[in-house]
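In: need a structure here:
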Amino acid sequence: MQGPNLRLVDVARAADKFLQTYHSSLTLPIPIENIVESKMGIALFAVPGIRSLIGVDAFISSDFTQITVDENYFTRFPERTRFSIAHEVGHLILHKEWYEKYGPNNFEEYLTSHDRIDEQVYKFTEIQAHTFAGLVLVPTEQLLEELKKRLGKIPSMELPEIIAPAVQDLPEIFQVSDAVILRRLQKEGILKNNS
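Out: So this is what the prediction gives:
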């Protein structure tokens, strides 16, 4: 797959293929850190202050050998860090050739790599990597199963306040933030999107 010219269905297929390849049992939570280090051979490094230095929680090197995460976020916000790691894996899976050409190898290159990238292209690649991360950490099948367990059905276009009591433990089960669960429920058409 290449660059920002991917459709949502392409991203969803890539997420499904990733899960079938690296965690076909789909047991929860998806062990993204273990997958990255043990199965993909990508080193995870927690470095103090990268958020304040370069404005991001994490980045993957353009040779795909390491993902660097902000140490503060790594220790204080593990759910956010899991999402950031899955997001960076999304760049590898979805944008490998494109990222090899434009992606950063270190802090200094990260600061200047954005100057070489069209703003719209960058925006599309980020949206695609976000979508990939959400689909990997909260797989559709498992999300729907959890809803059926709680509600006896899969709701459609419900108001958030109606479904909230039944889904409040989903962030803990999937080990993601409330915001990730909310976006996944909206993307699956389970909740109305009021934005």
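
In: domain parsing for this structure?
Out: Per the record, the chain has its domains at 8-137, 141-187, by automatic domain parsing.

In: Go through these and find the least confident stretch.
Out: Mean pLDDT is lowest for domain 8-137 among the domains of the chain, at a mean of 91.

In: Pro29 touches Phe174, doesn't it?
Out: Yes - using Cβ atoms under 8 Å, Pro29 makes contact with Phe174 at a distance of 5.5 Å. From N, CA and C alone the C-beta is placed, and that goes for glycine too.

In: what is in contact with these two at once?
Out: Leu137 (Cβ atoms under 8 Å, 6 or more residues apart in numbering).

In: out of these two, which sits in the more crowded spot?
Out: Per other Cβ atoms under 10 Å, whichever of Pro29 and Phe174 has more neighbours is Phe174, with 23 against 15.

In: Apart from its chain neighbours, what residue comes closest to that one?
Out: Val138 (5.0 Å; Cβ to Cβ, 6 or more residues apart in numbering).

In: Can you report how many residues neighbour that neighbour?
Out: Counted with other Cβ under 10 Å, Val138 comes out at 28.

In: Tell me which residues touch it, please.
Out: 170, 174, 176, 180-181, 184 are the contacts of Val138 under Cβ under 8 Å, 6+ apart.

In: Many thanks, we can stop here.
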